[in-house]
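Colleague: below: sequence and its predicted model.
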Amino acid sequence: SKAPVSGTGPKRHGFESHQRILELWGHKPQFKDFLRLLDHSRNPDFQLTDANFTLLMKGYGWAGMVEYALQTFHNLRVCGSTPNVIHYTCLIDTLVRCNQLDMAMNYFNEMVENGCVPNVFTYNAIIHGLCEANDLKNACKLLDEMKSNDDGSMPNVHTYNTLIHGLCKHGREKQALAMFRAMLEKGCNPNVVTYNTLIQDLCKRGRVHESYYLLEEMAYNGCFPNTVTYTILIDGLCREDKAGKAYELLRKVEKVCNPDEITYGSLLNGLCKAGKHVETARVLQEMSEKGFHPNFVTYNGLISAFCKAGEFEEAFKIWDIVKEKGNIPYISTYNSIINGLCKAGKTKESLTLFEEMKKYGRAPDVVTYTSLIDGFARKCMFQDAFDMLKEMERAGIKPDAFAYNALINGLCKAEKVLEAHALMDQMVEKGCKPGLITYNTFMDCICRAGKVEKINSLLEEMKANGCRPDIITYRSIYFGLRKAGKMQEASKFKKLAEK
């Protein structure tokens with residue numbers, strides 16, 4: 001739909017525009033006021049006050065509707081009004097939100113040329129855009145300009161927070177800390193957002209222990225940590241594989257503030273990765289008692305973690321919760337539970353899930369088929385494994401080295417040397433080049449089976465295919481030759497096997 005060309009406000013919005021506004025801005029608290037204002041703006045007597053202009057611009061900014069924002073600003077001039085600092089600032093902020101930094105800079109320069117003095121909000125909007133664009137040099141220049149002004153546009157805590165965030169985001173942590181110190185020297189008190197930004201940056205860099213110094217300084221300056229602060233620290237500790245400490249921190253946090261779903265979600269992921277399943281179950285119970293529920297991503301992570309640990313009862317409890325909520329698990333979740341079941345020898349249960357995922361429209365991928373092939377091969381159910389390999393190909397999925405290796409490994413453990421070698425040949429015919437793992441598996445197989453006469457030809461084949469033998473290859477050869485009583489030949493590989 002076209003932007004309006006006359007009047008003080010937009011006269012008409014097409015269906016697509018309304019849908020876009022609804023989808024992108026409908027969750028904002030002022031949405032009803034915005035819709036009401038749109039209706040009023042169709043009235044010929046509608047007056048575009050500063051408050052109305054601000055609300056319209058916010059709406060267009062959130063919806064990414066640059067053309068309407070520009071036309072509304074243009075209509076001010078058409079109606080004989082001179083844009084003031086509020087009008088310019090709202091437009092610049094909208095353009096920055098819509099990733100139109102160059103255009104925003106043009107209007108910033110225009111307002112200065114027209115004698116309209118930018119205020120702190122104008123500068124903050126431009127600085128935010130420059131930081132997002134990684135133009136930190138010019139962002140800092142604007143900060144210096146603000147400091148030299150005596151017109152009430154001195155930098156405030158939001159200005160410094162924007163710059164500190166930009167510096168952290170683009171890997172300038174030293175400059176960010178210097179900016180923080182400069183902020184204190186200028187008498188601008190940091191707020192919880194300032195500290196959270198710096199703490200998060202340290203945690204992301206694996207320096208959680210350093211963030212505790214900031215936490216102490218924060219309390220000393222009379223700025224108290226909030227739920228976000230503690231969530232960042234808990235997440236940071238979990239990233240450093242210190243889920244136990246993260247759990248202890250949660251226990252302390254509960255005494256001073258209320259953890260939210262994000263806090264619990266971060267901790268749950270960390271506890272699962274650390275294999276602390278008792279604590280995981282306890283945190284889940286606490287969440288439920290407080291009316292919190294993990295999101296779909298967290299549920300999937302929990303299922304995967306429990307499966308890897310062989311805790312299928314716990315995994316299926318969460319699986320049932322996910323399905324009760326009407327959610328269809330991700331392919332990755334199906335893969336995790338199928339892989340876990342196969343490794344535990346529960347091929348019957350894994351096949352049931354395999355059929356279920358197809359029923360729900362989750363197409364099995366190379367990981368799904370490989371897990372099942374591996375599961376059958378582990379139980380020496382080779383016909384089922386080969387059938388699954390064929391089904392995989394019929395589904396248009398090309399088996400990779402992992403799929404072939406799973407079956408070759410099973411055949412080798414069952415000492416089916418001929419079948420394993422035939423599958424290796426088939427693998428090559430299908431355009432899948434055997435790798436070091438494949439060759440090492442087969443080398444170990446022939447050595448254990450006493451077929452040491454095949455060693456040299458396999459070594460030549462490996463070298464011809466650009467696959468260099470490693471210590472595992474040589475150890476298999478050395479112990480195979482010793483087992484066959486060929487001590488003189490074995491001695492040639494002894495040093496290679498010991499490196």
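Modeller: It's in. Residues are numbered from 1 along each chain as shown.
Colleague: next SSE after the helix or strand where residue 278 lies?
Modeller: Secondary structure assignment for residue 278, by DSSP states H and E: helix 277-289. Next in sequence after helix 277-289, counting helices and strands by DSSP H and E, comes helix 296-308.
Colleague: returning to that earlier point: and the angle from the helix holding residue 278 to helix 296-308?
Modeller: Counting by axes from the mean of the first three to the mean of the last three C-alpha atoms, to 10 degrees, helix 277-289 points 150 degrees away from the direction of helix 296-308.
Colleague: buried ones in helix 277-289?
Modeller: 277, 279-281, 283-284, 287 (16 or more other C-beta atoms under 10 Å). No exception for glycine: its C-beta is placed from N, CA and C like everyone else's.
Colleague: other SSEs contacting the strand or helix carrying residue 373?
Modeller: In this structure, residue 373 sits in helix 366-378 according to DSSP H and E. On a contact count with 3 or more C-beta pairs under 8 Å, 6 or more residues apart in numbering; DSSP states H and E, helix 366-378 meets helix 331-343, helix 347-359, helix 382-394, helix 401-413.
Colleague: the helix holding residue 278 - contacts with which helices or strands?
Modeller: With contacts defined as 3+ C-beta pairs under 8 Å, 6+ apart, the packing partners of helix 277-289 are helix 243-253, helix 261-273, helix 296-308.
Colleague: with distance to residue 123 and mean pLDDT added, can I get those helices in JSON lines?
Modeller: Compiled in JSON lines, these are given as follows (distance: least, C-beta to C-beta, whole Å; pLDDT from 0 to 100):
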{"stretch": "helix 243-253", "distance to residue 123": "36", "mean pLDDT": "88"}
{"stretch": "helix 261-273", "distance to residue 123": "32", "mean pLDDT": "85"}
{"stretch": "helix 296-308", "distance to residue 123": "38", "mean pLDDT": "79"}
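Colleague: can I assume residue 277 is in contact with residue 314?
Modeller: Yes - contact criterion C-beta atoms under 8 Å: residue 277 and residue 314 qualify, at 6.6 Å.
Colleague: re the thing from before, okay if I get the helices and strands packed on helix 277-289 as a markdown table plus mean neighbour count and distance to residue 174?
Modeller: Output for the helices and strands packed on helix 277-289, formatted as a markdown table (neighbours: other C-beta atoms under 10 Å; distance: least, C-beta to C-beta, whole Å):
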| stretch | mean neighbour count | distance to residue 174 |
| --- | --- | --- |
| helix 243-253 | 18 | 27 |
| helix 261-273 | 23 | 27 |
| helix 296-308 | 21 | 34 |
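Colleague: now those helices as TSV including distance to residue 318?
Modeller: Conversion of these to TSV gives the following (distance: least, C-beta to C-beta, whole Å):
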stretch	distance to residue 318
helix 243-253	18
helix 261-273	10
helix 296-308	5
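Colleague: closest to residue 235 out of the ones you listed?
Modeller: In terms of C-beta to C-beta, the element of the helices and strands packed on helix 277-289 nearest to residue 235 is helix 261-273, at 4.0 Å.
Colleague: ok, residues contacting that closest one?
Modeller: Judged by C-beta atoms under 8 Å, 6 or more residues apart in numbering, the contacts made with helix 261-273 from elsewhere in the structure are 227, 230-231, 234-235, 237-239, 241, 243, 246-247, 250, 253, 277, 279-280, 283-284, 286-287, 292-295, 298, 301-302, 304-306.
Colleague: just the CA coordinates of the helix holding residue 373, formatted as PDB?
Modeller: Taking only C-alpha atoms (Å, rounded to 0.1, in the frame of the first residue of the first chain), the coordinates of helix 366-378 have been written out as PDB:
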ATOM      1  CA  VAL A 366      21.000 -39.100   8.300                       C
ATOM      2  CA  VAL A 367      21.400 -39.000  12.100                       C
ATOM      3  CA  THR A 368      18.200 -41.000  12.700                       C
ATOM      4  CA  TYR A 369      19.100 -43.700  10.200                       C
ATOM      5  CA  THR A 370      22.700 -44.000  11.400                       C
ATOM      6  CA  SER A 371      21.500 -44.400  15.000                       C
ATOM      7  CA  LEU A 372      19.100 -47.200  14.000                       C
ATOM      8  CA  ILE A 373      21.800 -48.900  11.900                       C
ATOM      9  CA  ASP A 374      24.200 -48.700  14.800                       C
ATOM     10  CA  GLY A 375      21.600 -50.100  17.200                       C
ATOM     11  CA  PHE A 376      20.900 -53.100  15.000                       C
ATOM     12  CA  ALA A 377      24.600 -53.700  14.300                       C
ATOM     13  CA  ARG A 378      25.300 -53.600  18.100                       C
END
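Colleague: taking their axis directions, that helix and helix 382-394 sit at what angle?
Modeller: Angle of helix 366-378 versus helix 382-394, following the same axes, to 10 degrees, is 160 degrees.
Colleague: could the helices and strands packed on helix 366-378 go into CSV alongside distance to residue 222?
Modeller: Conversion of these to CSV gives the following (distance: least, C-beta to C-beta, whole Å):
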stretch, distance to residue 222
helix 331-343, 46
helix 347-359, 55
helix 382-394, 63
helix 401-413, 57
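Colleague: now for residue 447: which residues touch it?
Modeller: The contact partners of residue 447, by C-beta under 8 Å, 6+ apart, come to 455, 476-477, 479-481, 483.
Colleague: sorry, that was for residue 168
Modeller: When contacts are counted by C-beta under 8 Å, 6+ apart, residue 168 is found next to 176, 197-198, 200-201.
Colleague: most surrounded residue in these?
Modeller: Neighbour counts for those peak at residue 198, which has 25 neighbours (criterion: other C-beta atoms under 10 Å).
Colleague: didn't that one look like it was pressed against residue 180?
Modeller: Yes - between residue 198 and residue 180 there is a contact at 6.3 Å, judged by C-beta under 8 Å.
Colleague: now do the shared contacts for those two.
Modeller: Shared contacts of residue 198 and residue 180, defined by C-beta under 8 Å, 6+ apart, are found at residue 164.
Colleague: before we move on, the earlier item: what residues does the helix holding residue 278 touch?
Modeller: Residues from elsewhere that reach helix 277-289, judged by C-beta under 8 Å, 6+ apart: 243, 247, 250, 261, 264, 267-268, 271-272, 293-294, 302, 305-306, 309, 311, 314.
Colleague: sorry, back to before: so which of the contacts of residue 168 are in helices?
Modeller: In helices, judged by DSSP state H, the following of the contacts of residue 168 are found: 176, 197-198, 200-201.
Colleague: one step back: okay, the buried residues of helix 277-289 in CSV with pLDDT and distance to residue 356 next?
Modeller: Compiled in CSV, the buried residues of helix 277-289 are given as follows (pLDDT from 0 to 100; distance: C-beta to C-beta, whole Å):
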residue, pLDDT, distance to residue 356
277, 76, 25
279, 85, 31
280, 83, 25
281, 80, 25
283, 86, 29
284, 83, 24
287, 84, 27
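Colleague: any shared contact partners between residue 277 and residue 314?
Modeller: Between them, residue 277 and residue 314 share the contacting residues residue 306, judged by C-beta under 8 Å, 6+ apart.
Colleague: any idea which helix or strand carries residue 431?
Modeller: Per DSSP H and E, residue 431 falls between elements, in no helix or strand.
Colleague: that one: neighbouring residues, count only.
Modeller: Neighbour number of residue 431 under other C-beta under 10 Å is 7.
Colleague: helix/strand/coil for the closest residue to it other than its chain neighbours?
Modeller: With C-beta to C-beta, 6 or more residues apart in numbering as the measure, residue 398 is the residue that lies nearest to residue 431, at 7.9 Å, once sequence neighbours are left out. Counting by DSSP: H, G, I helix; E, B strand; the rest coil, the backbone at residue 398 sits in coil.
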